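In: With the input below, show me the fold.
(chains A and B)
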Number of protein chains: 2
Amino acid sequence: MVMARVDKLGTVCIVGPGLIGGSIGLGLKKKGLAELVIGVGRRSPSLTKALKLGAIDRATQDIEKGASDADIVILCTSVRLIPQMAAKAVPVMKRGAILTDVGSTKQHIVKCIQDIKRKDIPFIGGHPIAGSERRGIEAAKADLFEGRLCILTPAGRNAGALRTIKALWQGLGAKINILSPDEHDRTLAATSHLPLILAASLVNTVGAKRLPFTGPGFRDMTRIASSDPELWCDILLQNRRKVLDALKLFQKELNSIKLAIHEEKPARLSSQLMRAKRLRDAL
Amino acid sequence: MVMARVDKLGTVCIVGPGLIGGSIGLGLKKKGLAELVIGVGRRSPSLTKALKLGAIDRATQDIEKGASDADIVILCTSVRLIPQMAAKAVPVMKRGAILTDVGSTKQHIVKCIQDIKRKDIPFIGGHPIAGSERRGIEAAKADLFEGRLCILTPAGRNAGALRTIKALWQGLGAKINILSPDEHDRTLAATSHLPLILAASLVNTVGAKRLPFTGPGFRDMTRIASSDPELWCDILLQNRRKVLDALKLFQKELNSIKLAIHEEKPARLSSQLMRAKRLRDAL
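Out: As a prediction, the model looks like this:
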C-alpha cells in the first residue's frame, strides 16, 4: 500500500472523519489531492456513512492499522482525544510520515505530542478556522475550507513537512497563517473561545420565557451556543489561562460601556459603539 | 384627500421612510392594504428614492402636511426623534386618526406622547422585531416583517385602534404580541439591547490586530456591532435602568461560567453550556 508520493499527498489517514475530518476527506478526493484516504473511527455507522459519502476510500476502527500505512496522519477528534490518538499513531507511523491535527487548542497538544519523543515524525499543528455548531460526517462538505484561514503551528524545524501540510490546506482552498502555539492560543481565546462563552451566557440570561421575543440578530449571535458542550468544555479547560485573560479584557470593555450608560454619557457611549462599528465594518 | 376607509387602512403617513418605514410602505403597497401612502422625511434625496422604489405614493418634508391627511401616522424615526415628531403630528391629526410607532423602546415614548394630551388620538406603541445592521430606504424590502414578531403596547383602552394596527402588521405578515411598555422594555433590554452591548464589547476586545483570525461564527455574532451608533446610543440611554438590570443578570451568568473554568470544574462548566445549548436548540 506504500505509494510513490509524486505530486500528490500520498496516503492520508483521517482520524475522526466527522465535520472537519470528513470535509478534509471530501475536499482531498474532489480535488484529487491524495492517492488514498483512510478513515479511522470508533463508530462503525459513521465510518460507513463516510465511505458512502466518498469522504474516505477505506475505513478501519484500528488506528494503528490506519496510521501505519499513511504518509500523513490528521487527527480530527476532540482536543481531549488528540494526545491519546497521537500516542497510538506515532509509534507505528512510517519513518518520515507527517503528523498533523485540527484541534482548537495548540499549546497543550504540542506539549503532549512532544512528550511522545519520536524525532523522525514531524508534528505540524493545524487549526482551520471553519466549523459550525453542527457535528458529524453528515454536516461535512468539500468546500468547507474554501477561502477560510488555517493556522499552522509547526513544532521544531521541518521545512519539508510544513510545505506538505501547507500544500494540503491550500489545495483545500484555505489561506495559511503561521503562529506559535502560544500566539495561537492567546488569539483564539479572544476570537473563538470568548465568543462561545458570551453566546452561552447570553442565552442563559435571556432564558426560556423571553426567547420568543428574540429576532434574527439574536439568532445569529447565539448560533454557536448550540455547539457540542463536551467539545467546548475540553477546549475551554485546555486553554484555561488564556481564556480567563480574554474574559478579563472583555469585562473591562463591557464595564466601560456599562459605565457610560450608568453615568448617562452619550458621547462616551457613542464613541465606544463607533469604535466597534469601525472595526466590524472593516471585517 | 379624505377617503372612505372601506376594508383598507385608508391614508397612511410614514414619518421616516428608511429601513423600517420604507419596508412598511413597500409591504402596504404590495399587498394593497392602504389607499394612499404619504412619506414624510427630512432629506429630499431619500424621499425621491422612496417614491422611485414605490414605498410611498407622495412625499413631503412637512410633517404637519403629511400627518393632517392621514388615518394612520406611523413614526419610524430614531427613538430620540419620535416624541418630537409626535408633538408635531398630533395637533394636526384628524379626529379619530391613529398614532403608532416602531421604536425600540416604549416606556419613555409612551410617557412623552401621553404628555401631549389629545385624548381623541389613540396611541398604539409598536415594535417590529425585524431589522438589520443596515439603514435607509435602500435596505427596505416588502417582506421584512414576514413571519416576524411585532410587539404592540396599547396605551389606554381603544379596542378599535388596536384592531386596526394589528390588522396593519398582520397584513405585513407579522405575528402580534401585546405587552405593557414596562414588560416590553424589560424584555428587549435582555433580548436586543444587551446583545448589542456584548457584540460591541467583543469586537473592541478582539481589536484590529486579531480580527483577521476570526471565523464565520464570530462574523455572525458581531454583525449587529455594525449598526448605527447614534441610534443605539439613544435606545440604550432611553432604556437605561432596564439595560443596566439586564447587564447585571448577564454578568452573573458570565461569572458562573468563568468560575467553573477558573476552578477547573468540567461537570459544572459542561452543565452551563448544556443549559444554553438546550435553550438555543429550542429556538
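In: Now do the contacts for the residue lying closest to residue A:103 once chain neighbours are set aside.
Out: With CB to CB, 6 or more residues apart in numbering or on different chains as the criterion, residue A:103 has its nearest non-adjacent residue at 4.4 Å, and that residue is residue A:79. C-beta: built from backbone N, CA, C; applies to glycine. When the contact criterion is CB atoms under 8 Å, 6 or more residues apart in numbering or on different chains, the partners of residue A:79 are A:103-105, A:108-109, A:231, A:234-235, A:238.
In: Keeping just the C-alphas, turn stretch A:134-153 into CSV.
Out: Output of stretch A:134-153 as CSV, limited to C-alpha atoms (Å, rounded to 0.1, in the frame of the first residue of the first chain):
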residue,chain,number,x,y,z
ARG,A,134,-23.2,21.2,13.7
ARG,A,135,-21.2,18.0,14.2
GLY,A,136,-20.6,14.7,12.4
ILE,A,137,-19.9,13.5,8.9
GLU,A,138,-23.5,14.5,7.8
ALA,A,139,-22.5,18.1,8.0
ALA,A,140,-19.2,17.7,6.1
LYS,A,141,-18.7,19.4,2.8
ALA,A,142,-15.9,19.5,0.3
ASP,A,143,-15.7,23.3,0.2
LEU,A,144,-15.8,23.9,4.0
PHE,A,145,-12.3,25.4,4.0
GLU,A,146,-12.6,27.4,0.8
GLY,A,147,-11.5,31.0,1.5
ARG,A,148,-11.1,30.2,5.2
LEU,A,149,-8.0,30.7,7.3
CYS,A,150,-5.9,27.7,8.5
ILE,A,151,-3.4,28.4,11.3
LEU,A,152,-0.3,26.2,11.4
THR,A,153,1.9,25.9,14.4
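In: Average pLDDT for that stretch, rounded please.
Out: Averaged across stretch A:134-153, the pLDDT comes to 93.
In: Stretch A:157-165 too?
Out: 91.
In: Now do the buried residues in it.
Out: A:158, A:161-162, A:164-165 (16 or more other CB atoms under 10 Å in any protein chain shown).
In: Would you mind measuring from whichever residue of the stretch 1-150 of chain A sits closest to chain B to residue B:213?
Out: Proximity of the stretch 1-150 of chain A to chain B (CB to the nearest CB) peaks at residue A:129, 4.0 Å away. Here residue A:129 is placed at a distance of 7 Å from residue B:213 (CB to CB, to the nearest Å).
In: ditto for residue A:25
Out: Counting by CB to CB - residue A:25 and residue B:213 are separated by 25 Å.
In: These two: which has the busier surroundings?
Out: More neighbours surround residue A:25 than the other of residue A:25 and residue B:213, with 29 against 21 (other CB atoms under 10 Å in any protein chain shown).
In: tell me which element that one falls in.
Out: Following DSSP states H and E, the helix or strand that holds residue A:25 is helix A:19-30.
In: tell me which of the buried residues of stretch A:157-165 is nearest to residue B:99?
Out: residue A:165 (64.8 Å; CB to CB).
In: just checking, what packs against the helix or strand containing that closest one?
Out: In this structure, residue A:165 sits in helix A:159-171 according to DSSP H and E. Other helices and strands packing on helix A:159-171, by 3 or more CB pairs under 8 Å, 6 or more residues apart in numbering or on different chains; DSSP states H and E, are helix A:19-30, strand A:72-75, strand A:98-101, strand A:123-128, strand A:149-154, strand A:175-178.
In: Could you identify which of those is most buried?
Out: strand A:72-75 (a mean of 28; mean count of other CB atoms under 10 Å in any protein chain shown).
In: Provide the strand pairings for it, with the direction of each partner.
Out: strand A:11-15 (parallel), strand A:98-101 (parallel) (DSSP bridges).
In: Dump those strands into CSV; add mean pLDDT and distance to residue A:88 as well.
Out: Formatted as CSV, the strands paired with strand A:72-75 follow (pLDDT from 0 to 100; distance: least, CB to CB, whole Å):
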stretch, mean pLDDT, distance to residue A:88
strand A:11-15, 98, 9
strand A:98-101, 96, 11
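In: Of all these, which one is nearest residue B:175?
Out: Comparing the strands paired with strand A:72-75 by CB to CB, strand A:11-15 comes nearest, at 45.7 Å.
In: got the angle for the helix holding residue A:165 vs strand A:123-128?
Out: Relative orientation of helix A:159-171 and strand A:123-128, computed by axes from the mean of the first three to the mean of the last three CA atoms, to 10 degrees: 20 degrees.
In: ok and helix A:159-171 relative to helix A:19-30, angle-wise?
Out: Going by the same axes, to 10 degrees, helix A:159-171 makes 90 degrees with helix A:19-30.
In: Can you dump the C-alpha atoms of helix A:159-171 in PDB for me?
Out: Once non-C-alpha atoms are left out, helix A:159-171 reads as follows in PDB (Å, rounded to 0.1, in the frame of the first residue of the first chain):
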ATOM      1  CA  ALA A 159      10.600  22.800   6.200                       C
ATOM      2  CA  GLY A 160       9.600  19.900   4.100                       C
ATOM      3  CA  ALA A 161       6.800  18.700   6.400                       C
ATOM      4  CA  LEU A 162       5.500  22.300   6.700                       C
ATOM      5  CA  ARG A 163       5.500  22.700   2.900                       C
ATOM      6  CA  THR A 164       3.500  19.500   2.600                       C
ATOM      7  CA  ILE A 165       0.800  20.500   5.200                       C
ATOM      8  CA  LYS A 166       0.600  23.900   3.700                       C
ATOM      9  CA  ALA A 167       0.000  22.400   0.200                       C
ATOM     10  CA  LEU A 168      -2.700  20.200   1.700                       C
ATOM     11  CA  TRP A 169      -4.700  23.200   3.100                       C
ATOM     12  CA  GLN A 170      -4.000  25.400   0.200                       C
ATOM     13  CA  GLY A 171      -5.300  22.600  -2.000                       C
END
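In: Mind listing residues that contact that helix?
Out: Residues contacting helix A:159-171 (CB under 8 Å, 6+ apart): A:9, A:12, A:27-28, A:31, A:33, A:72, A:98, A:100, A:122, A:124, A:126, A:128, A:145, A:150, A:152, A:154, A:176.
In: go again using 6 Å as the cut-off
Out: A:9, A:31, A:33, A:98, A:100, A:122, A:124, A:150, A:154, A:176 (CB atoms under 6 Å, 6 or more residues apart in numbering or on different chains).
In: Return the member of those nearest to residue A:204.
Out: residue A:150 (32.1 Å).
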